[in-house]
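**Student:** pasting a predicted model and its sequence here:
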Amino acid sequence: MKKVEVVFIPSPGVGHLASTLELAKLLINRDNRLSITVLVIKFPNTDEKVQTISSSFDSENLHVINLPERPHVSSTSDGAYSASALAESQKPNVKEAVSNINGQLAAFVVDMFCTTMIDVANEFGVPSLLYFTSGIAYLGLVLHLHTLLENNLEATRLLLQQDELDIPSFSKPVPTNTLPTVVLRKKWESAFIHHGRGLKKASAIIVNSFHELEPHAAHSFLEDSGLRGLPIYPVGPILNLDTKPNPEPRPNGVVDSKDTIKWLDDQPHSSVIFICFGSMGAFDENQVREIACAIEKSRARFLWSMRKPPPKGTMGPVSDYPLSDLVAVLPEGFLDRTVEIGRVIGWAPQVQVLAHPATGGFVSHCGWNSTLESIYYGVPIATWPLLAEQQTNAFELVRELKMGVEIALDYRMEYDVGSNYLLTADKIERGIRSVMKKNGEIRKKVKEMSEQSRKTLLEGGSSYTCVSHLIDYIINQV
């Protein structure tokens, strides 16, 4: 039989690309009738990481094509929406690449920030499946708020000034201060409405989550008459568990990731708190000192991935501190006093650290990928969200799923205004002590969900079944 061709279009950026390629790999490994072409949109002057990730996936049934770079079209300072503008500018290149594909084109799979590509799929007469890289509850929240805004803008604005909202995909009322910034700030309103409209144009939505993790949210889609006609496929957890050493050159004096794992090898089981805020998390000196003070007071063994922020008010990348700068930013004598029990490092091999038996807790920004990785390895999270939908993820983990400990739910870090408050050492220390409790209820719950997250992808599991239905849907388009 001739191969059934599927075109994948991930959002620019390493996180979305890696997750999309893992999904593509999952599908072709399950059914060799599928052939997938991934069209990679790059931000101008993208680092080599994108190139490295792309080339490592190229295989007989999975082809990766880097689209020609376009001059950057930035309509906003927000990464997601500027990705959306960049995708818009790539439509001619996508049309050309798709025209050159031999075989029976069955569907497009487009990232949640590339919904503009649904227009291109329509031109080729094939359905568009949307790949949503956050959870089911958050998807429900976006769709619900979009409907409210479309139906009655003024009434919804008033609603968003209340303390909490009822959202069908959450079993508990959601505090307004844990909603994503794009919903709360007037300047993003039209971008959010445009984004929601794009999501609803999809023929179906693939979600990086699994039924056992978010049963209430999954069920809410069947209960909602407006959403019942939009099929969702929770096929997760889709994780990139191959960890490779950091390709970036290391500043002088920064600990190498191999040394980090060696150090963990010497620590007792579940004794280390891992403190890491993703690829964009970095704090000013005042906040760094509060974290350092909390670590010392907690007396916990620790591994702290501490990154250097870009200059104030800019959206540049975070980087590693040279050792001399590190000493200046931390409280005097901190590194000497904690030399026996901890390590301050730059970039962290996160998956390797979470998988390590010595790791007992994770202070995290609650990005969805990090959340899924932590659950997969059975490591409970102390929540400290920064941006995007992380506040909503933190609320879901702590209050809805009871699988996380609260350091903060409403902390925000914004490029144009900085952070909304200083988190004190006392609060951080409480979170560290709480998440490191050996026999706590939360640890037990996370361990159970860890087993579920592995089982769900095996034959008979809910995600395994969802992947089968998804493949049937794609094949039936031809």
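**Tutor:** Sure thing, it's come through.

**Student:** from the opening residue of stretch 198-205 to its closing one, how far?
**Tutor:** Using C-alpha to C-alpha, to the nearest Å, one end of stretch 198-205 lies 12 Å from the other.

**Student:** that stretch: which residues count as buried?
**Tutor:** 198-200, 202-205 (16 or more other C-beta atoms under 10 Å). Where you see a C-beta, it was placed from the backbone N, CA and C, and this is true even at glycine.

**Student:** how about the residues you listed, which pair is most distant?
**Tutor:** 198 and 204 (14.2 Å; C-beta to C-beta).

**Student:** among the buried residues of stretch 198-205, which lie within helices?
**Tutor:** 198-200 (DSSP state H).

**Student:** dump those residues into JSON lines; add pLDDT as well.
**Tutor:** Formatted as JSON lines, these follow (pLDDT from 0 to 100):
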{"residue": "198", "pLDDT": "95"}
{"residue": "199", "pLDDT": "96"}
{"residue": "200", "pLDDT": "95"}
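
**Student:** so which of those residues is the closest to residue 342?
**Tutor:** Closest to residue 342 out of those is residue 199 (42.9 Å), distances taken as C-beta to C-beta.

**Student:** can you give me the buried ones in the helix or strand where residue 335 lies?
**Tutor:** Using DSSP states H and E, residue 335 sits in helix 334-337. Within helix 334-337, the residues that qualify as buried by neighbour count (16+ other C-beta under 10 Å) are 334-335.

**Student:** and that helix, what does it pack onto?
**Tutor:** Packing contacts for helix 334-337, counted by 3 or more C-beta pairs under 8 Å, 6 or more residues apart in numbering; DSSP states H and E, involve helix 285-298.

**Student:** which element follows the helix it packs on toward the C-terminus?
**Tutor:** Downstream of helix 285-298 (by DSSP H and E), the next one is strand 301-305.

**Student:** ok, back up a step: next secondary structure after the helix holding residue 335?
**Tutor:** With elements assigned by DSSP H and E, the helix or strand that comes after helix 334-337 is strand 342-345.

**Student:** each with direction, which strands does that next one pair with?
**Tutor:** Partner strands for strand 342-345, per DSSP bridges, with pairing direction: strand 301-305 (parallel).

**Student:** and the partner strand with helix 285-298, angle?
**Tutor:** Between the axes of strand 301-305 and helix 285-298, defined by axes from the mean of the first three to the mean of the last three C-alpha atoms, to 10 degrees, the angle is 160 degrees.

**Student:** which residues are in contact with strand 301-305?
**Tutor:** With C-beta atoms under 8 Å, 6 or more residues apart in numbering as the test, strand 301-305 has contacts from 260, 263-264, 267-268, 271-277, 291, 295, 338, 341-348, 350, 353, 358-359.

**Student:** and the next helix or strand past it?
**Tutor:** Sequence order places strand 307-308 as the next helix or strand after strand 301-305, per DSSP H and E.

**Student:** quick check: domain ranges of the protein?
**Tutor:** As given by automatic domain parsing, the domain ranges for the chain are 4-236+456-475, 257-453.
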